[in-house]
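A.B. asks: got a sequence here, can you model it:
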Amino acid sequence: MKLTLHHINLSTDKVEEMDVFYRDVLGLARETDGLPKLDKTKGYDGDVAFVTDGAVQTHLAKKDVHAAFKTGSHLNPLSRGHIAYRTDDLAAFKAHLEEQGIPYADWGHTAVAGWAQIFFYDPDGNVIEVHQVME
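C.D. replies: Numbering: from 1, shown residues only. The predicted structure follows:
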């Protein structure tokens with residue numbers, strides 16, 4: 001099971017302003033390739049701007065403190081944001097977390113069509129996503 005940094009998600013109430021800042025001030029490009037297909041019918045329906053440095057995406061997502069309630073999950077990756085890794089074997093990674101005694105929220109395909117996602121906390125309470133692109 002291999003992990004690679006895929007994106008950083010920043011939750012904000014200023015999606016458009018953040019998009020301009022990250023493109024104009026930091027020089028990031030608007031991301032157009034490999035974007036997640038957001039399913040806005042399953043709980044999270046916020047706007048998201050996507051920028052990249054050419055290797056790692058930054059998702060500038062509308063903050064939604066109620067996303068966990070709407071999706072029936074106990075963990076909300078859209079209240080403070082999260083860091084996301086892509087794996088080639090999510091089942092193996094979930095087994096690894098279980099062996100380590102790390103609880104996780106399995107969002108499945110709730111937010112992104114074609115991605116299976118899990119979320120969990122690091123020791124300081126930062127949210128980490130691990131996802132696998134499913135065919």
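
A.B. asks: ok, now which ones touch residue 131?
C.D. replies: Counting by CB atoms under 8 Å, 6 or more residues apart in numbering, residue 131 touches 6, 84, 85, 86, 87, 90, 112, 115, 116, 117, 118. Heads up, the C-betas are built off the backbone N, CA and C, glycines and all.

A.B. asks: which of the helices or strands spans the closest residue to it other than its chain neighbours?
C.D. replies: Of all residues not flanking residue 131 in the chain, residue 117 sits nearest, at 4.3 Å (CB to CB, 6 or more residues apart in numbering). Residue 117 belongs to strand 115-121 when assigned by DSSP states H and E.

A.B. asks: retrieve the pLDDT associated with the residue nearest to residue 131.
C.D. replies: Listed pLDDT for residue 117 reads 95.

A.B. asks: who's in contact with the helix or strand of the chain with the lowest mean pLDDT?
C.D. replies: Scoring the helices and strands of the chain by mean pLDDT, DSSP states H and E places strand 37-38 at the bottom, with a mean of 74. In this structure, residues lying in contact with strand 37-38 by CB under 8 Å, 6+ apart are 44, 48, 111, 112, 113, 114.

A.B. asks: quick one: contacts for the second one?
C.D. replies: Contacts were defined as CB under 8 Å, 6+ apart; by that measure residue 48 touches 15, 38, 59, 60, 61, 62.

A.B. asks: want to throw these into JSON lines with secondary structure?
C.D. replies: JSON lines is the format used below for the contacts of residue 48 (DSSP: H, G, I helix; E, B strand; the rest coil):
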{"residue": "15", "secondary structure": "helix"}
{"residue": "38", "secondary structure": "strand"}
{"residue": "59", "secondary structure": "strand"}
{"residue": "60", "secondary structure": "strand"}
{"residue": "61", "secondary structure": "strand"}
{"residue": "62", "secondary structure": "strand"}
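
A.B. asks: and these, which is the shakiest by pLDDT?
C.D. replies: Ranked by pLDDT, the contacts of residue 48 bottom out at residue 38, which scores 73.

A.B. asks: beta-bridge partners for it, please?
C.D. replies: Per DSSP bridges, the residues bridged to residue 38 are residue 112.
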